[in-house]
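[1] quick one: sequence plus predicted model below, questions after.
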Amino acid sequence: MIRAEAQYRTNAQAAALATLNAYRASVGLAAKSGLTGAALLQAIMEEKYVALFQNTEVWNDYRRTCYPNLTPAAGSSIPARLVYGTDERRANPNIPSPSQQPKRNQLDPATATAIDGSKCLGTGT
């Protein structure tokens, strides 16, 4: 699915669809046809999400693409950056407390929209 996404992002949509369908065939699923544009990217990201479920790479994909467009609990957002762990804070006195750490890395801008163009519901500041 990484290859399919790379093909999609380099405007090789036919190749991306072929790679997606080759993967789907390898896991016993029917081929998808006629997908282009955002629908193709969404299908690729969905397969990637399923294949990598509970892997941290899914979180990185979410931060880049806002897929799936999750609705966070009231008054919260989906973390854009993880705080340093307790062991690291004990061993390194230079790490600020979690409340003083930024919510996202400076050069890692928020994803404003989801693949389908709708507002990304989970991103915070």
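    It's in.

[2] can we go C-alpha only for contacts and neighbour counts from here?
    Fine.

[3] work out for me the element Thr19 sits within.
    Taking DSSP states H and E as the definition, one finds Thr19 inside helix 13-26.

[4] could you list the buried residues of the very next helix or strand once past that helix?
    Of the helices and strands lying after helix 13-26 in sequence (DSSP H and E), the nearest is helix 37-51. For helix 37-51, the neighbour count (16 or more other CA atoms under 10 Å) marks 40-45, 48-49 as buried.

[5] shaky segments in the protein?
    Along the chain, segments meeting pLDDT under 70 span 124-125.

[6] returning to that earlier point: can you tell me what sits against the helix holding Thr19?
    Contact with helix 13-26 is made by 1, 3-8, 30-33, 35-37, 40, 44, as judged by CA atoms under 8 Å, 6 or more residues apart in numbering.

[7] if we go to 10 Å?
    Helix 13-26 has contacts (CA atoms under 10 Å, 6 or more residues apart in numbering) with 1-10, 27-37, 40-41, 43-45, 47-48.

[8] can you turn the buried part of these into a PyMOL selection?
    To isolate the buried ones among the contacts of helix 13-26 in PyMOL, judged by 16+ other CA under 10 Å, type:
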select buried, resi 1+4+5+7+8+40+41+43+44+45+48
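
[9] hmm, back to that, quick one: buried residues of the helix holding Thr19?
    The neighbour-count check on helix 13-26 (16+ other CA under 10 Å) flags 13-24 as buried.
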